[in-house]
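Novice: Give me coordinates for this.
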Amino acid sequence: MPAVIYCDGDVDVHGTLSVSPDGTSAIAAGWVPTGAGYAGMLCGSGFGAPYTPPGGGRHAFAYGSAIPFSLEGGSAGGAMEFYDFSCSFYVSTSPGLYPSGTLALIAAGRIDIHGAVTADGIGWTSTGQGNPGSSSGGSILLRGGIGLVVHPTGSVTARGGPSAPLATFEWPWPYARSGEAGIIRLDAWGAPPVIQGTVDPPATVLELPHLISYSPPQIGHSWGLGILAPDGSPLFLAVALQPGPGTPTPFGLLGIDPMTAATLTVAMSLPSHDPIANVSIGVPNAPTLIGLALWLQGFAVAPSLPPRLTNAVMAVVQ
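Specialist: Residues are numbered from 1 along each chain as shown. Below you'll find the model as predicted:
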């Protein structure tokens, strides 16, 4: 199971908060077998021995998503299978390195990262033709209700495990055993998260509430939209024919023209580690709508946070 932590107040990380494996026996919370590296093969040993390198664990480019945030963590590296010199008889298997996991930290208050939050994969540091594949990075979601800051001394990382140095007699496969990076998402209510320290790989950074369009509107089809906001938030969605002037309001910037706006729908976000209200809007099968530009914006009334406008989204009917 992934590590999902809810905090009623502030979170201040000065040490290390980790779902990385320890390299010996601990398998991190939230790991999955989905992107495990492919197995390698070695027949005999020494220069010229038939050799196929193992693959590293895959993640961000193979499965999982940042929006909505998937609780699928990292995956293991590929195993090494050993055979005799003729490649006819199986001898043994060295399993791939342990995978990293998933951490979702949801705070009602502010999150300050002075130390390290990690979901890093692991890899071999010693040279060797028989080393198994490195594990991938995992998944990290950090959401602060009153702000999120990664301070200059802080780091949030979900790196893939590195490949081992090549042996002098080894074919040049430096990429084969390294693990792929994981997924990082940083959220804050009413203001963008502040990144002053290290975030690797680059994070998906959201100012909440956040409006997304899953695909462009198309005549004769349903248009899928989503609003990310806390559990139980009533959400209002409006559409306009012109963009807004960006006028500051007590609820954020107005991104649509109020003179040409109309309310589309009202929804409510459902309980989840990443609550989202999915909305489906039917687009009439009218060819005259093709090419029409629309601007959308939502308004969220969170149970324990100030009401806020979402970002504005522009879409063209197809």
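Novice: Return the residues in contact with Ile276.
Specialist: Neighbouring residues of Ile276 by CB atoms under 8 Å, 6 or more residues apart in numbering: 68, 226-229, 269-270. No exception for glycine: its C-beta is placed from N, CA and C like everyone else's.
Novice: Can you lay out these as CSV showing distance to Ala262 and pLDDT?
Specialist: Putting the contacts of Ile276 into CSV (distance: CB to CB, whole Å; pLDDT from 0 to 100) gives the following:
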residue, distance to Ala262, pLDDT
Pro68, 27, 92
Gly226, 20, 92
Ile227, 17, 92
Leu228, 23, 93
Ala229, 21, 91
Ser269, 22, 81
Leu270, 25, 81
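Novice: Give me the three-state assignment for Thr288.
Specialist: At Thr288 the chain is in helix, as set by DSSP: H, G, I helix; E, B strand; the rest coil.
Novice: picking up where we left off before, may I ask which two of the contacts of Ile276 are separated the most?
Specialist: Using CB to CB, the two most remote members of the contacts of Ile276 are Pro68 and Ala229, lying 12.4 Å apart.
Novice: Look at these two and report which has more neighbours.
Specialist: Set Pro68 next to Ala229 and count neighbours by other CB atoms under 10 Å: Ala229 wins out with 29 against 16.
Novice: Please state the backbone phi and psi of that one?
Specialist: Here the main-chain torsion angles of Ala229 (degrees, to the nearest 10) amount to phi -160, psi 160.
Novice: looking at it, it is touching Ala302, isn't it?
Specialist: Yes. Contact criterion CB atoms under 8 Å: Ala229 and Ala302 qualify, at 6.1 Å.
Novice: Give the residues shared as contacts by these two.
Specialist: Pro209.
Novice: okay, now the domains of this protein?
Specialist: Domain ranges of the chain: 1-208, 210-316, per automatic domain parsing.
Novice: Am I right that Leu309 sits in a helix?
Specialist: No. Looking at Leu309 with three-state DSSP, it is strand, so not inside a helix.
Novice: The nearest residue to it once chain neighbours are set aside: how many residues sit nearby?
Specialist: Excluding its sequence neighbours, the residue lying closest to Leu309 (CB to CB, 6 or more residues apart in numbering) is Gly252, at 3.9 Å. Neighbour count for Gly252, taken as other CB under 10 Å: 19.
Novice: One more: Phe85?
Specialist: Count around Phe85 with other CB under 10 Å applied: 12.
Novice: Who are the contact partners of it?
Specialist: Going by CB under 8 Å, 6+ apart, the list of residues near Phe85 reads 43-44, 49.
Novice: What strands flank the least confident helix or strand in the chain by mean pLDDT, and is each parallel or antiparallel?
Specialist: Using mean pLDDT, DSSP states H and E, the weakest-scoring helix or strand in the chain turns out to be strand 51-52, at a mean of 80. Strand pairing for strand 51-52, determined by DSSP bridges: strand 40-43 (antiparallel).
Novice: could you dump the partner strand to CSV, C-alpha only?
Specialist: Below are the C-alpha coordinates for strand 40-43, written out as CSV (Å, rounded to 0.1, in the frame of the first residue of the first chain):
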residue,chain,number,x,y,z
GLY,A,40,19.5,-9.8,-18.7
MET,A,41,21.5,-12.9,-19.5
LEU,A,42,25.2,-13.9,-19.0
CYS,A,43,26.7,-17.2,-20.3
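Novice: residues in contact with that strand?
Specialist: By CB under 8 Å, 6+ apart, strand 40-43 touches 49-55, 78-87, 129-130, 132-133, 176.
Novice: go with 6 Å
Specialist: Around strand 40-43, the neighbours that count as contacts under CB atoms under 6 Å, 6 or more residues apart in numbering are 49-54, 78, 80-83, 85, 87, 130.
Novice: Turn the residues you listed into TSV, including distance to Leu309.
Specialist: As requested, the contacts of strand 40-43 are exported to TSV (distance: CB to CB, whole Å):
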residue	distance to Leu309
Ala49	64
Pro50	63
Tyr51	59
Thr52	55
Pro53	52
Pro54	50
Gly78	48
Met80	54
Glu81	57
Phe82	61
Tyr83	63
Phe85	69
Cys87	65
Gly130	58
